[in-house]
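Trainee: what follows is a predicted protein model with its sequence.
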Amino acid sequence: MKREFAVIGLGRFGGSICEELSMEGMKVLAIDKNEHKINEYKNIASHAVIADSTDEHALKELGIKNIDHVIVAIGDNIQASILTTVILADLGIKKITVKAQSDYHEKILNKIGAHHVVHPERDMGKRIAHSLISSNILDY
Ligand code: ATP
């Protein structure tokens, strides 16, 4: 059975997650409050819906409770990211992954019920540094 994902926030990070999951055959509900973003992803995701994720009622209407894994990819607006995460945790979503903007943001996200917090820029920097070291070792 296809796993169901929802991606909230279709910036560069959320957008590429949405694209990749869809290309891998997963069912993806794409959510953004910006109509242009939704138009961009409506042919990529299984469903693309304009909604403000800080509105609990709107998330319930979308049937978010039935989704296995929700990714919160709102970066700049920390308040919206935190509020969205609290709502998802209260609704009992089984797996919540959230993009953090700072260590402080990450700490709060962990306390309020995020299951996995990512810092794309920091995590990628670390990964590249390690791959640079291993390619250097192979060069010897
Ligand atoms: P990236 O670096 O990945 O491009 P970013 O850090 O610039 O992302 P933002 O611009 O803050 O991230 O947000 C990404 C997307 O999230 C935007 O398309 C924005 O419209 C959407 N977004 C922000 N707040 C909400 C919200 N409350 N509900 C739904 N979508 C939202």
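Mentor: Thanks, I have it.
Trainee: what residues does this protein have near the ligand?
Mentor: Residues of the chain lying close to the ligand by CB under 6 Å from any ligand atom are 8-14, 31-34, 37, 52-54, 74-77, 80. In this view, the C-beta of every residue, glycine as well, is placed from N, C-alpha and C.
Trainee: quick check on these: which are buried?
Mentor: Buried positions within the residues of the chain next to the ligand, assessed by neighbour count (16 or more other CB atoms under 10 Å), are 8-10, 13-14, 31-33, 37, 53-54, 74-75, 80.
Trainee: save these as CSV, and put in secondary structure and pLDDT too.
Mentor: Output for those, formatted as CSV (DSSP: H, G, I helix; E, B strand; the rest coil; pLDDT from 0 to 100):
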residue, secondary structure, pLDDT
Ile8, strand, 98
Gly9, coil, 98
Leu10, coil, 98
Phe13, helix, 96
Gly14, helix, 98
Ile31, strand, 98
Asp32, strand, 98
Lys33, coil, 98
Lys37, helix, 97
Ser53, coil, 98
Thr54, coil, 98
Ile74, coil, 97
Gly75, coil, 81
Ala80, helix, 98
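Trainee: considering these, which is situated nearest to the ligand?
Mentor: Ranked by distance to the ligand (CB to the nearest ligand atom), those are led by Gly75 at 2.0 Å.
Trainee: if I pick the closest one, what's in contact with it?
Mentor: Under the criterion of CB atoms under 8 Å, 6 or more residues apart in numbering, the contact list for Gly75 reads 9, 11, 13, 81, 99, 101.
Trainee: redo that, cut-off 6 Å
Mentor: Residues near Gly75 by CB atoms under 6 Å, 6 or more residues apart in numbering: 99, 101.
Trainee: can you check Leu29 too?
Mentor: With contacts defined as CB under 6 Å, 6+ apart, Leu29 is in contact with 6, 47.
Trainee: list the pairing partners of the helix or strand where it lies within its sheet, with orientation.
Mentor: Leu29 is located in strand 27-32, with elements delineated by DSSP states H and E. When pairing is defined by DSSP bridges, strand 27-32 lines up against strand 4-8 (parallel), strand 47-50 (parallel).
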